[in-house]
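Peer 1: got a predicted structure plus its sequence, pasted below:
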Amino acid sequence: MDCTNCTYDKKCRNAETCPATSFGRDEVIQKYGEESAIVQAAADLVDFGRAGTLSRLQETIAFAQKMNYKRIGLAYCYGMEKQVTQIVEILRESKLNVRAVSCTVGGIPQNEINPESAFCTVSCNPIGQARQLNNENVDLVVMIGLCLGHDILFQREVKADCTTLVVKDRVFNHAPLREITDSQKN
C-alpha cells in the first residue's frame with residue numbers, strides 16, 4: 001500500500017473502504033471501542049474547532065488532564081536539559097506530578113553498552129530510562145529529543161502510554177519538516 005500514490009480515488013476520504021486495505025475493519029472498530037477514553041480525549045483536542053489552537057505542549061497537558069493522568073514521566077536527552085527544566089516547570093504549574101529521567105541515567109560507560117565502541121564516556125541508556133519510569137509508576141511518558149534508535153529501544157521497554165514532544169534533528173533545530181519546507185522555498 002502507498003496512499004501517496006492512490007489508484008482508488010482516495011475512497012477513504014469519503015468514508016469508503018479502500019480495496020488495498022489488509023486489516024479487518026470490524027476488528028479495528030471493536031478495538032477503538034476498547035480504547036474509547038483515549039479516542040475521546042484525542043478527539044477533544046481536534047474537534048469543535050480546536051485543531052491548531054494549542055501548541056503540542058498545551059495539547060499534552062490537556063490530554064493528560066482529560067485522561068486523569070497524574071504522574072507524567074519525561075524521557076529526555078541530556079543535551080536538552082535546559083528546555084526540559086522549563087517544561088517541568090510548566091507541567092508542574094498545571095498540577096501534574098513530573099518525573100524527569102535523563103538519557104544518562106545509571107552512568108553506564110559507552111563501551112559497556114556497546115563493546116565495539118572505543119569511547120569510555122557516559123552512554124545514553126534508553127532501556128534504563130524506561131525501566132526507571134516504569135518503577136516510578138508514571139501514567140504517561142513524554143519523549144523529548146531521544147536519539148533515533150534510542151527512542152525505539154525506549155518504546156519497546158516502557159509500559160506506560162507514550163507520546164513524543166520533541167524529535168531530535170540537530171541539522172534543522174529539532175524541526176525535521178523544515179528540510180522539506182526550506183527546499184520548497186528554493
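Peer 2: Nice, thanks for sending it over.

Peer 1: and the residue nearest the centre of the chain, what does it touch?
Peer 2: What sits nearest the mean C-alpha location of the chain, by C-alpha atoms, centre = their mean, is T164, with 2.0 Å. T164 makes contact with 142-143, 151, according to C-beta atoms under 8 Å, 6 or more residues apart in numbering. All C-beta spots, glycine's among them, are computed from the backbone N, C-alpha and C.

Peer 1: repeat that for 7 Å
Peer 2: Residues in contact with T164 (C-beta atoms under 7 Å, 6 or more residues apart in numbering) are M143.

Peer 1: distance-wise, check it relative to V105.
Peer 2: 19 Å (C-beta to C-beta, to the nearest Å).

Peer 1: C162 contacts V141, correct?
Peer 2: Yes. Taking contacts as C-beta atoms under 7 Å, C162 lies within contact range of V141: 4.4 Å.

Peer 1: what about stretch 48-56, start to end distance?
Peer 2: By C-alpha to C-alpha, to the nearest Å, the extent of stretch 48-56 from end to end equals 18 Å.

Peer 1: mean confidence for that stretch?
Peer 2: The average of the pLDDT scores along stretch 48-56 is 84.

Peer 1: and whichever helix in the chain runs longest, what other elements does it pack with?
Peer 2: Assignment by DSSP state H gives helix 81-93 as the longest helix of the chain. The contact analysis (3 or more C-beta pairs under 7 Å, 6 or more residues apart in numbering; DSSP states H and E) places helix 81-93 against helix 56-66, strand 71-76, strand 97-102.

Peer 1: appreciated, that's everything.
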